[in-house]
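A.B. asks: Here is my input, please return the structure:
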Amino acid sequence: MCKSIVVIPTYNEIENIEHIIRAVFSLEVPFHILVVDDNSPDRTAAKVQNLQLEFPDQLFLEVRNVKSGLGTAYVHGFQWALTRSYDYIFEMDADFSHNPKDLSLLLKACEEGADMAIGSRYVTGVNVVNWPLSRVLLSYFASVYVNMITGMHISDTTAGFVCYKRELLAAIDLKKIKFVGYAFQIEMKYRAFVKGHKIKEVPIVFTDRTRGTSKMSNSIIKEAVFGVVALRINKLLNRL
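C.D. replies: Residues are numbered from 1 along each chain as shown. Modelled structure (predicted):
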């Protein structure tokens, strides 16, 4: 059986989903894909179902009834993957902001000893394409803020392109994950950090989406700002 699966959450990604699936399956290194769709009105799930006829043993689909947030979609996907025999479980966006060719770089980092490999925009400078300066600064200084509060030393704490070893996800109580946006990405890294897992950042180039609509919102930013403080307080109170 394939040892690696890529979890891709979707909501209204009809313009991207077939392209990203075919790009992953065209790689030399084999990967399976699990799409977790939040009942997209644009029929993203129907497109995936059609593609399952072509890739019946590689492509899987979970459809949730309502849009419940990025974090809960990933948790759903992680739990699904943990009931199967995958050794490496990835998270990746559907919109090509993460280059599928970089999956092999993250996999290699975990095969060589990392428990979590992060596709990092900032570990070797600022490697972001097509973002306005305001968005770059927000993302970059978010990591500075997170590291200051938590004591981590991760250049890209909000990165959403990650490979997890099975053992790491099994060690984290996924039922306790609280956050859904940027804060979800921070929380996963912080829980891995607190448990002493080996985290490695792998430099990638992040390219803003060219098709579809971003899901960023003010509420997601606020969750990250205040969520980091809540994570640190819970750690100090042994409630994490």
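A.B. asks: Would you map the strands across this protein?
C.D. replies: Taking DSSP state E as the criterion, the chain contains strands spanning 4-10, 32-37, 59-63, 88-91, 116-120, 128-129, 162-165, 199-203, 206-207.
A.B. asks: which outside residues touch the second one?
C.D. replies: When contacts are defined by C-beta atoms under 8 Å, 6 or more residues apart in numbering, strand 32-37 is touched by residues 2, 4-11, 17, 21, 24-25, 44-45, 48, 58-64, 73-74, 76-77, 80-81, 86, 94. In this view, the C-beta of every residue, glycine as well, is placed from N, C-alpha and C.
A.B. asks: That one to strand 59-63, inter-axis angle?
C.D. replies: Using axes from the mean of the first three to the mean of the last three C-alpha atoms, to 10 degrees, the interaxial angle of strand 32-37 with respect to strand 59-63 works out to 20 degrees.
A.B. asks: from now on call the first residue 16
C.D. replies: All right, first residue 16 from here; so that's strand 47-52.
A.B. asks: so what strands line up beside strand 47-52?
C.D. replies: strand 19-25 (parallel), strand 74-78 (parallel) (DSSP bridges).
A.B. asks: dump the residue contacts of N249.
C.D. replies: N249 sits in contact with L255, where contact means C-beta under 8 Å, 6+ apart.
A.B. asks: Tell me the spacing between it and L183.
C.D. replies: According to C-beta to C-beta, to the nearest Å, N249 stands 19 Å off from L183.
A.B. asks: since we're on T59, how many residues are nearby?
C.D. replies: If you count neighbours by other C-beta atoms under 10 Å, T59 ends up with 26.
A.B. asks: Just to check, it is in contact with I23?
C.D. replies: No. Shown here, T59 and I23 do not form a contact pair, counting by C-beta atoms under 8 Å, at 10.3 Å.
A.B. asks: hey, what's in contact with both of those two?
C.D. replies: Applying C-beta under 8 Å, 6+ apart, one finds that T59 and I23 are jointly contacted by I32, V50.
A.B. asks: For V177, see how far away the closest residue to Y89 other than its chain neighbours is.
C.D. replies: Nearest in space to Y89, with sequence neighbours left out and distances taken as C-beta to C-beta, 6 or more residues apart in numbering, is E106 at 5.5 Å. Here the distance between E106 and V177 works out to 5 Å (C-beta to C-beta).
A.B. asks: V63 too?
C.D. replies: Counting by C-beta to C-beta, the gap from V63 to V177 is 22 Å.
A.B. asks: residue ranges for the helices of this structure, please.
C.D. replies: 32-40, 59-69, 85-97, 118-126, 148-165, 181-186, 197-209, 233-251 (DSSP state H).
A.B. asks: what is the mean pLDDT for the shortest one?
C.D. replies: Put plainly, it is helix 181-186. The pLDDT scores in helix 181-186 average 97.
A.B. asks: could I have that helix exported to CSV, CA atoms only?
C.D. replies: Backbone C-alpha positions of helix 181-186 (Å, rounded to 0.1, in the frame of the first residue of the first chain) are rendered in CSV as follows:
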residue,chain,number,x,y,z
ARG,A,181,1.9,9.0,11.8
GLU,A,182,3.4,8.7,15.3
LEU,A,183,3.2,12.4,15.8
LEU,A,184,-0.5,12.7,14.9
ALA,A,185,-1.3,9.6,17.0
ALA,A,186,0.4,11.2,20.0
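A.B. asks: so what secondary structure elements neighbour that helix?
C.D. replies: Judged by 3 or more C-beta pairs under 8 Å, 6 or more residues apart in numbering; DSSP states H and E, the packing partners of helix 181-186 are helix 85-97, strand 103-106.
A.B. asks: From the contact counts, what lies against the shortest one?
C.D. replies: Read it as strand 103-106. By contact count (3+ C-beta pairs under 8 Å, 6+ apart), the secondary structure elements abutting strand 103-106 are strand 19-25, helix 85-97, helix 118-126, strand 177-180, helix 181-186.
A.B. asks: Understood, closing this out.
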